[in-house]
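Chemist: Have a look; sequence and predicted model below, questions after that.
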There are 2 protein chains.
Amino acid sequence: MPGSGKSLLSSILKEKGYTVIVMSDSVRKRFEKDARHGERLMDYARRLREIYGEGIVARLSIEELKGREEKVAFDGVRNLAEVDEFSRLGKPLIIAVHASPATRYERLKRRMRADDSVREEDLRRRDMEEIALGIGGVIAMADVVVINDSTEEEFKRRAMEALGKLD
Amino acid sequence: MPGSGKSLLSSILKEKGYTVIVMSDSVRKRFEKDARHGERLMDYARRLREIYGEGIVARLSIEELKGREEKVAFDGVRNLAEVDEFSRLGKPLIIAVHASPATRYERLKRRMRADDSVREEDLRRRDMEEIALGIGGVIAMADVVVINDSTEEEFKRRAMEALGKLD
Ligand SMILES: Nc1ncnc2c1ncn2[C@@H]1O[C@H](COP(=O)(O)O)[C@@H](O)[C@H]1O
């Protein structure tokens, strides 16, 4: 979910030698050439799903692999159909990062990136959009949930511990 | 999710002086009088939702309160519309219990309660039914996630710690 800290997890995975494919980047590439006037990235992705199926973004991300990678992580899974697509590469492991809405909204407000709206109401609406895409099902079926409700250091420690158990 | 250990959390809450309303019991009471021949509890609940709206099970559960309780917990929230219903009583706090599918399926097989099917495929299908009800959104928006991937004692410790922070 937005502000949970999943990109921090990606950095950790990179440090551990994983090739990280950021799924929104796979969409963004097409989006830049193909989007309708004024269309938001999320709406574009929704349109792709309607045309090509629920797993399309995963398939676009898989396309980016050179095929020689041993350890691959996909950052930004939004539904279980995507997980099914990844299963064709090997047994996928779902890692979810959780923080409470209160904590996430605090962080998003502090960060105030261009694409993060700042009003609580807007943040909530965005959460509901993510949930409508199916992200809740992915979290519910996660193999590991790393809680990010404390410091960055503590999160790293927890993530390393969780990843250690999986190796 | 089934086998995550949420009823253990309910016991802990009871010990802490909470009135716990088990939402499936609220459904079950009506189900016993009102179900169609061969209908499963979950299908009955789904039918209730189609008729009375997504928040109906929460409303039935609220009905069970005597109105004098100070600390109330509802065990078995399945969608965010139910959370909205609870908001009418005061600001609700969502606590989710997480365990990996592998761990949950192990537990469910060991437990083998009458209503828990034993084949992995069936357990997975039931998970997908719970997700279709909307439980993933509730987990995604949880204020607290307690991880239950270790011993019962460790889970209790984590739950007490999490609840302590909330008081
Ligand atoms: N709030 C609810 N809405 C719909 N179905 C529910 C709800 N709570 C429990 N059930 C169903 O009742 C059964 C037992 O639920 P539980 O006691 O929470 O494990 C499951 O099949 C659930 O899907």
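Modeler: That came in fine, so what should we check first?

Chemist: What sits closest to A:Leu80 if chain neighbours are left out?
Modeler: Closest residue to A:Leu80 apart from its sequence neighbours, by C-beta to C-beta, 6 or more residues apart in numbering or on different chains: A:Gly137 at 5.0 Å. For every residue, glycine as well, the C-beta is placed using N, CA and C.

Chemist: wait, doesn't the one you found sit right on B:Gly134?
Modeler: No. The criterion here is C-beta atoms under 8 Å, and A:Gly137 misses it with B:Gly134 at 9.5 Å.

Chemist: So these two - more neighbours on which side?
Modeler: Shown here are A:Gly137 and B:Gly134; by other C-beta atoms under 10 Å in any protein chain shown, A:Gly137 has more neighbours (26 against 21).

Chemist: helix or strand for that one, which one?
Modeler: Assigned by DSSP states H and E, A:Gly137 falls within helix A:135-140.

Chemist: Show me what that helix is packed up against.
Modeler: With contacts defined as 3 or more C-beta pairs under 8 Å, 6 or more residues apart in numbering or on different chains; DSSP states H and E, helix A:135-140 has these neighbours: helix A:80-87, strand A:95-98, helix B:120-133, helix B:135-140.

Chemist: Quickly compare those and say which is most buried.
Modeler: Mean neighbours per residue, mean count of other C-beta atoms under 10 Å in any protein chain shown, is largest over these for helix B:135-140, with a mean of 25.

Chemist: and the helix or strand just after that one, how far from the chain's centre?
Modeler: Using DSSP H and E, the helix or strand that follows helix B:135-140 in sequence is strand B:144-147. Computed by C-alpha atoms, centre = their mean, to the nearest Å, the chain-centroid distance of strand B:144-147 equals 14 Å.

Chemist: Given strand B:144-147, what are its sheet partners and their directions?
Modeler: If you go by DSSP bridges, strand B:144-147 pairs up with strand B:95-98 (parallel).

Chemist: Could you confirm whether the partner strand reaches the ligand?
Modeler: No. Using C-beta under 6 Å from any ligand atom, strand B:95-98 stays clear of the ligand, coming no nearer than 11.1 Å.

Chemist: Show the low-confidence segments of chain A, by residue range.
Modeler: Scanning chain A for pLDDT under 70 picks out A:112-117, A:167.

Chemist: Now do the helices in it.
Modeler: Under the criterion DSSP state H, chain A contains helices at A:6-15, A:23-34, A:41-52, A:56-63, A:80-87, A:101-111, A:120-133, A:135-140, A:152-166.

Chemist: Minimum distance to B:Ile95: which of the ones you listed has it?
Modeler: Of all the helices of chain A, helix A:101-111 sits nearest to B:Ile95, with 13.3 Å by C-beta to C-beta.

Chemist: any idea how far that closest one is from the chain center?
Modeler: 17 Å.

Chemist: what's the answer for stretch A:48-66, then?
Modeler: For stretch A:48-66 - counting by C-alpha atoms, centre = their mean - the centre lies 14 Å from the chain centre.

Chemist: May I have it exported as PDB, CA atoms only?
Modeler: Extracted in PDB, the C-alpha atoms of stretch A:48-66 (Å, rounded to 0.1, in the frame of the first residue of the first chain):
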ATOM      1  CA  LEU A  48      -4.500  -2.500 -20.000                       C
ATOM      2  CA  ARG A  49      -6.000  -5.000 -17.700                       C
ATOM      3  CA  GLU A  50      -9.400  -4.700 -19.300                       C
ATOM      4  CA  ILE A  51      -7.900  -5.300 -22.700                       C
ATOM      5  CA  TYR A  52      -5.200  -7.900 -22.000                       C
ATOM      6  CA  GLY A  53      -6.300  -9.500 -18.800                       C
ATOM      7  CA  GLU A  54      -5.600  -9.200 -15.100                       C
ATOM      8  CA  GLY A  55      -2.100 -10.500 -15.400                       C
ATOM      9  CA  ILE A  56      -0.800  -8.100 -18.100                       C
ATOM     10  CA  VAL A  57       1.400  -6.000 -16.000                       C
ATOM     11  CA  ALA A  58       3.200  -9.100 -14.700                       C
ATOM     12  CA  ARG A  59       3.700 -10.300 -18.300                       C
ATOM     13  CA  LEU A  60       5.200  -6.900 -19.300                       C
ATOM     14  CA  SER A  61       7.500  -7.100 -16.300                       C
ATOM     15  CA  ILE A  62       8.600 -10.600 -17.200                       C
ATOM     16  CA  GLU A  63       9.400  -9.300 -20.700                       C
ATOM     17  CA  GLU A  64      12.100  -7.200 -19.100                       C
ATOM     18  CA  LEU A  65      14.100 -10.100 -17.800                       C
ATOM     19  CA  LYS A  66      17.100 -11.100 -19.800                       C
END
